[in-house]
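Trainee: Turn this into a structure:
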Amino acid sequence: MNTNEQHMSGHVVIGVDTHKHVHVAAVMDTIGGILATLTIPTDTGGFQQLLHWATEFGNVLAFGVEGTGSYGATLASFLRRAGHKVVEASRPDRRLRRMNGKSDTLDAENAARAVLAGFATATPKTADGEAEMIRRLKIAHDQAVEQRAAAMVTMKAMLVHAPDGLRHETAGKTQIALARHLAGLRPRQLEGPEDALRHALRTLAKRWQYLEAEAKELTKMIDDLVHRVAPQLLEPFGIGVDTAAESSSWSATTPSASSPKPHSPNSRASHPCPPAPE
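Mentor: Just a heads-up that it's a prediction; the model follows:
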């Protein structure tokens, strides 16, 4: 930790440049002076170290955290639970980064400066509660549906080169019936391309059946959550669980707008703005 002994006003802002394994923080006083920087690991111990270190410099007006929807999400949630104001600090554009240089410390300082100047005012999403639960389940569900579709496309493409008998047996079948038929194949020993084809089709069919069951299970879990959290989303005609879940997972899950906003005698006029979508 590099600390400069300077006169402190008693109010500071903290900027944090976030990464996968370490975060870099910078503390800035109300006249724009950098008092110190700190590098912490991305675990609870590191977050507690950052909190203790930041409060040693005075009253923390706000934490400006980069990447609150990715690497900074856990830190932002920790700081919010500790009662601190957290705002999303956007990364500087490429032109400014080329002009001023690029380093983790500079990024942390720029994040703190953006908070002090009133440029960073967006309140990040809380990333907790039922909406976050639905969002995480939908990630797994959507991936299962995508891979299930890819498996079916591959099976049908491989059937084009199948023997006449197998093509006639599978012609006109629904996806469920096709997967059931192919999963029941009894391939012989690997002695030729036809044997390899049967092995491949059987494997793909079993994969499709597994993903089908997985997608149905996740759909049921999402359906239960949507009915519990926002049943009114299902009332309009034509709105299904998937659409309702999408709306619910992207709904505003931000802290109350009445929470205190960072302010300093030297900062520009700060205007509240709606939360930035992630």
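
Trainee: Tell me how many other residues crowd Pro231.
Mentor: Neighbours of Pro231 under the rule other C-beta atoms under 10 Å: 10. Using the backbone N, CA and C atoms, a C-beta is placed for each residue, glycine as well.

Trainee: mind listing the helices for the stretch 101-250 of the chain?
Mentor: 104-117, 129-159, 164-170, 175-183, 193-229, 241-249 (DSSP state H, counting those that start in this stretch).

Trainee: Just the CA trace of the shortest one, in CSV.
Mentor: Provided in CSV are the C-alpha atoms of helix 164-170 (Å, rounded to 0.1, in the frame of the first residue of the first chain):
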residue,chain,number,x,y,z
ASP,A,164,-32.1,-46.4,-46.9
GLY,A,165,-33.6,-48.6,-44.2
LEU,A,166,-32.8,-46.2,-41.3
ARG,A,167,-33.9,-43.2,-43.3
HIS,A,168,-37.3,-44.8,-44.0
GLU,A,169,-37.7,-45.8,-40.3
THR,A,170,-37.1,-42.2,-39.1
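
Trainee: Quick one: distance of that helix to the chain centre.
Mentor: 45 Å (C-alpha atoms, centre = their mean, to the nearest Å).

Trainee: tell me which strands and helices it is in contact with?
Mentor: Judged by 3 or more C-beta pairs under 8 Å, 6 or more residues apart in numbering; DSSP states H and E, the packing partners of helix 164-170 are helix 129-159, helix 175-183.

Trainee: Name the residues of that helix that come out as buried.
Mentor: Residues of helix 164-170 classed as buried under the neighbour-count rule (16 or more other C-beta atoms under 10 Å) are 166, 170.

Trainee: contacts for that helix?
Mentor: 159-160, 162, 178, 181-182, 198 (C-beta atoms under 8 Å, 6 or more residues apart in numbering).

Trainee: Over to the fourth one?
Mentor: Contacts of helix 175-183 from elsewhere in the structure, counted by C-beta under 8 Å, 6+ apart, are 152, 155-156, 169-170, 173, 201-202, 204-206, 208-209, 212.

Trainee: Could you identify the most distant pair in these?
Mentor: Glu169 and Glu212 (20.7 Å; C-beta to C-beta).

Trainee: just to revisit the earlier point, turn the contacts of helix 164-170 into a markdown table, including distance to Glu88 and neighbour count.
Mentor: Shown next, in a markdown table, are these (distance: C-beta to C-beta, whole Å; neighbours: other C-beta atoms under 10 Å):
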| residue | distance to Glu88 | neighbour count |
| --- | --- | --- |
| Leu159 | 50 | 18 |
| Val160 | 50 | 7 |
| Ala162 | 54 | 17 |
| Leu178 | 48 | 21 |
| His181 | 52 | 15 |
| Leu182 | 49 | 26 |
| Arg198 | 54 | 19 |
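
Trainee: from those residues, which single one is nearest Val115?
Mentor: Leu178 (57.3 Å).

Trainee: So for that closest one, what pLDDT did the model give?
Mentor: Reading off the confidence values, Leu178 has pLDDT 95.

Trainee: still on that earlier bit, tell me which of the helices and strands packed on helix 164-170 lies nearest to His84.
Mentor: helix 129-159 (19.1 Å).

Trainee: Show me what the closest one is packed against.
Mentor: Taking 3+ C-beta pairs under 8 Å, 6+ apart as the contact cut, helix 129-159 packs with helix 164-170, helix 175-183, helix 193-229, helix 241-249.

Trainee: And the average pLDDT for the longest one is what?
Mentor: Mean pLDDT, helix 193-229: 92.

Trainee: now that helix and helix 175-183, what's the angle there?
Mentor: Using axes from the mean of the first three to the mean of the last three C-alpha atoms, to 10 degrees, the direction of helix 193-229 lies 140 degrees away from that of helix 175-183.
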